[in-house]
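Asker: for reference, the sequence and a predicted model appear below.
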Amino acid sequence: MKILLIGGGGREHAIAEGIKKSKHNPSLYAFMAKKNPGIAALCEDFLLEKETEIEKVIEYAKARNIEMAFVGPEAPLAAGVADALWEAGIPVVGPKKACAIIEFDKAWARNFMKKYGIEGCPAYEVFTEEKPAHAFIEKLGDVAVKPSGLTGGKGVKVMGDQLPDLEAAKAYTSELLEKGAVVIEERFIGEEFTLQAFVDGKSLVFFPAVQDHKRAYEGDLGPNTGGMGSYTDAGEILPFMLPEDLEKAKKIMQDTVKSLYEETGTGYQGVLYGQFILTANGPKVVEFNARFGDPEAMNVIPLLETDFVEIMSAVVKGTLGNLPVNFSKKATVCKYAVPAGYPEKPEKDIEVTVGDIGEASIYYASVYEKEGKIYTTSSRAIAVIGIAETIAAAEKIAQNALENLHGKLFFRKDIGTAALIQKRIDHMKELRG
Ligand code: GLY
């Protein structure tokens with residue numbers, strides 16, 4: 001089978017590896033903006049083009065007789081790549097625009113949750129004007145401020161974190177209103193976790209829960225990033241969660257898929273990503289994304305024991321409910337090495353070399369290859385992942401690998417360490433009383 005992968009980051013490298021491990025021996029083709037050396041090595045052929053160039057995607061897919069596609073990032077989904085591929089007769093894992101709206105329009109997503117009574121929705125309102133927005137900030141007193149459109153995970157700011165007080169929340173809102181609608185919502189207090197699922201229009205297959213770390217520096221300090229690293233435990237839940245927390249989050253995602261069909265008349269076929277905050281009153285929804293997380297994809301895809309291409313086929317045929325999907329019960333720790341100065345003043349075009357990474361796996365993200373050498377861009381460069389019986393053992397594998405990447409890079413040593421995980425457990429204990 002000939003499979004086309006759209007996207008060229010670390011997440012897509014993990015997807016490419018999942019596809020290539022299939023016992024059906026698929027031929028992989030990639031459509032990506034920059035040459036990701038990890039993906040290129042797994043492909044028969046690739047085209048370097050902007051991933052939102054829908055006509056070029058279709059032209060390339062037809063020229064290579066592609067039989068099925070996987071869309072990694074959100075931007076091509078928002079541009080309607082899934083619709084265009086289906087129209088061209090190519091089944092695709094990645095929702096059509098009618099459903100991908102759940103990620104690319106945050107105001108739509110909140111109004112949709114409210115309309116269908118989906119649990120975990122905060123008090124919120126959507127604004128296009130400054131005066132009522134400022135009044136609502138005053139009324140709620142403790143808020144999160146979100147631009148309605150796509151921002152690569154870096155647009156949301158919350159009080160008690162990036163926004164020191166009400167005045168800062170108002171100023172940020174005014175800045176965002178110049179570009180479009182803004183969602184102001186009640187701030188949730190708790191621990192974040194991610195739940196991802198394959199969806200075939202009606203059935204969901206859930207991956208183990210993951211915790212990502214958005215802040216650039218150790219101790220959860222510094223500016224927000226796309227995610228500096230993430231971990232899973234050996235099982236479905238994280239150490240600070242109770243089994244019922246996971247069940248509630250799953251129910252929210254199931255209700256979301258069902259209601260999306262009612263609202264749009266289109267089945268959601270792809271990966272649904274739920275970003276939750278576990279509060280004293282259970283899981284609340286921060287946002288939904290229409291794709292795997294990055295880095296969260298790298299934690300969970302390597303755990304799949306079921307054939308990735310068989311899962312893709314079940315997603316596009318709507319037969320996921322009949323396919324038993326199994327995971328290896330291991331813990332994972334993924335850490336990103338990022339360019340010095342990231343995210344504010346990243347040092348681009350710096351050569352990176354990979355030494356002995358031991359048992360770890362490596363995924364190339366925003367790097368490019370030129371004359372056989374690998375160079376940084378302005379974003380996250382290389383992810384390493386350790387997989388072991390415990391989080392502690394997985395962390396050691398990942399950390400050892402990071403120390404053998406050479407170049408002007410930095411990473412967070414604390415992700416996956418016992419001390420940071422204990423902090424999460426203590427935080428939840430305190431909140432739950
Ligand atoms: N790691 C956050 C995201 O993929 O949206």
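Answerer: All right, it came through fine.
Asker: what residues are up against residue 268?
Answerer: 95, 99, 199, 201, 257, 260-261 (Cβ atoms under 8 Å, 6 or more residues apart in numbering). For the C-beta atoms, the positions are set from N, CA and C on the backbone; glycine is no exception.
Asker: among these, which lie within strands?
Answerer: Among these, the members falling in strands are residue 199 (criterion: DSSP state E).
Asker: closest to residue 122 out of the contacts of residue 268?
Answerer: Of all the contacts of residue 268, residue 260 has the smallest distance to residue 122: 19.5 Å, by Cβ to Cβ.
Asker: the closest one: neighbouring residues, count only.
Answerer: Number of residues near residue 260 (other Cβ atoms under 10 Å) recorded here: 25.
Asker: so for it, what pLDDT did the model give?
Answerer: On pLDDT, residue 260 comes in at 98.
Asker: contacting residues for it?
Answerer: Residue 260 makes contact with 99, 102, 112, 266, 268 under the criterion Cβ under 8 Å, 6+ apart.
Asker: most remote residue from the chain's center?
Answerer: Most distant from the centre of the chain: residue 131, at 33.9 Å, with distances by Cα atoms, centre = their mean.
Asker: can you give me the strands for the stretch 251-400 of the chain?
Answerer: 269-279, 282-289, 331-339, 351-354, 361-364, 367-370, 373-376, 382-388 (DSSP state E, counting those that start in this stretch).
Asker: ok, the first one: who's next to it in the sheet?
Answerer: According to DSSP bridges, strand 269-279 forms sheet pairs with strand 191-200 (antiparallel), strand 282-289 (antiparallel).
Asker: now swap in the fifth one and tell me
Answerer: Its sheet considered, strand 361-364 pairs with strand 382-388 (antiparallel) by DSSP bridges.
Asker: strand 331-339 and the partner strand, what's the angle between them?
Answerer: Strand 382-388 runs at 160 degrees relative to strand 331-339, counting by axes from the mean of the first three to the mean of the last three Cα atoms, to 10 degrees.
Asker: right, is strand 382-388 up against the ligand?
Answerer: No: using Cβ under 6 Å from any ligand atom, strand 382-388 never reaches the ligand; the gap is at least 11.2 Å.
Asker: and the average pLDDT for that strand is what?
Answerer: Taken as a whole, strand 382-388 carries a mean pLDDT of 98.
Asker: same check on stretch 69-80?
Answerer: If you average the pLDDT over stretch 69-80, you get 97.
Asker: what of stretch 206-223?
Answerer: Computed over stretch 206-223, the average pLDDT equals 95.
Asker: same check on stretch 307-318?
Answerer: 98.
Asker: buried set for that stretch?
Answerer: Neighbour-count burial for stretch 307-318, counted by 16 or more other Cβ atoms under 10 Å, picks out 307-309, 311-316.
Asker: got the strands paired with strand 269-279 as TSV, with mean neighbour count, mean pLDDT and distance to the ligand columns?
Answerer: Below are the strands paired with strand 269-279 laid out as TSV (neighbours: other Cβ atoms under 10 Å; pLDDT from 0 to 100; distance: least, Cβ to the nearest ligand atom, whole Å):
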stretch	mean neighbour count	mean pLDDT	distance to the ligand
strand 191-200	24	98	7
strand 282-289	21	96	5
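Asker: residue 54 is nearest to which of these?
Answerer: Of all those, it is strand 282-289 that lies closest to residue 54, at 20.0 Å by Cβ to Cβ.
Asker: next up, the contacts around the residue nearest the centre of the chain.
Answerer: Residue closest to the mean C-alpha point of the chain, counted by Cα atoms, centre = their mean, is residue 293 at 1.4 Å. Contacts for residue 293 (Cβ under 8 Å, 6+ apart) come out as 11, 194, 196, 210, 212, 227, 230, 273.
Asker: which residues does stretch 243-257 contact?
Answerer: Under Cβ under 8 Å, 6+ apart, the answer for stretch 243-257 is 102, 113, 116, 118-120, 193, 195, 197, 199, 201-202, 204, 206, 209, 236-237, 268, 272, 274, 276, 278, 282-283, 285, 288.
Asker: do stretch 137-150 as well
Answerer: In contact with stretch 137-150 (Cβ under 8 Å, 6+ apart) are residues 74-75, 78, 103-108, 122-123, 126, 155-160, 163, 166, 169-170, 172-173, 176, 179-188, 287.
Asker: in helices only, show me those.
Answerer: Those of these mapping onto helices are 74-75, 78, 103-104, 106-108, 166, 169-170, 172-173, 176, per DSSP state H.
Asker: in the longest helix along the chain, what's buried?
Answerer: Ranked by residue count and defined by DSSP H, the top helix of the chain is helix 243-264. For helix 243-264, the neighbour count (16+ other Cβ under 10 Å) marks 245-246, 248-250, 252-257, 259-260, 263-264 as buried.
Asker: and the strands of the stretch 251-400 of the chain, which one averages the lowest pLDDT?
Answerer: Comparing mean pLDDT across the strands of the stretch 251-400 of the chain, the weakest is strand 367-370, with a mean of 90.
Asker: buried sites along that one?
Answerer: Neighbour-count burial for strand 367-370 flags 367-369 (criterion: 16+ other Cβ under 10 Å).
Asker: cool, stretch 157-165 as well?
Answerer: Residues 157-159, 162-163 are the ones in stretch 157-165 that count as buried (16+ other Cβ under 10 Å).
Asker: for it, the averaged confidence score.
Answerer: On average, the pLDDT along stretch 157-165 is 89.
Asker: now that stretch - C-alpha only, CSV.
Answerer: The C-alpha trace of stretch 157-165 is given here as CSV (Å, rounded to 0.1, in the frame of the first residue of the first chain):
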residue,chain,number,x,y,z
LYS,A,157,-2.3,33.3,28.6
VAL,A,158,-3.6,32.8,32.1
MET,A,159,-3.7,34.9,35.3
GLY,A,160,-1.4,33.7,38.0
ASP,A,161,0.9,32.6,35.3
GLN,A,162,1.8,34.8,32.3
LEU,A,163,-0.7,37.5,33.3
PRO,A,164,0.2,38.9,36.7
ASP,A,165,-3.1,40.8,37.3
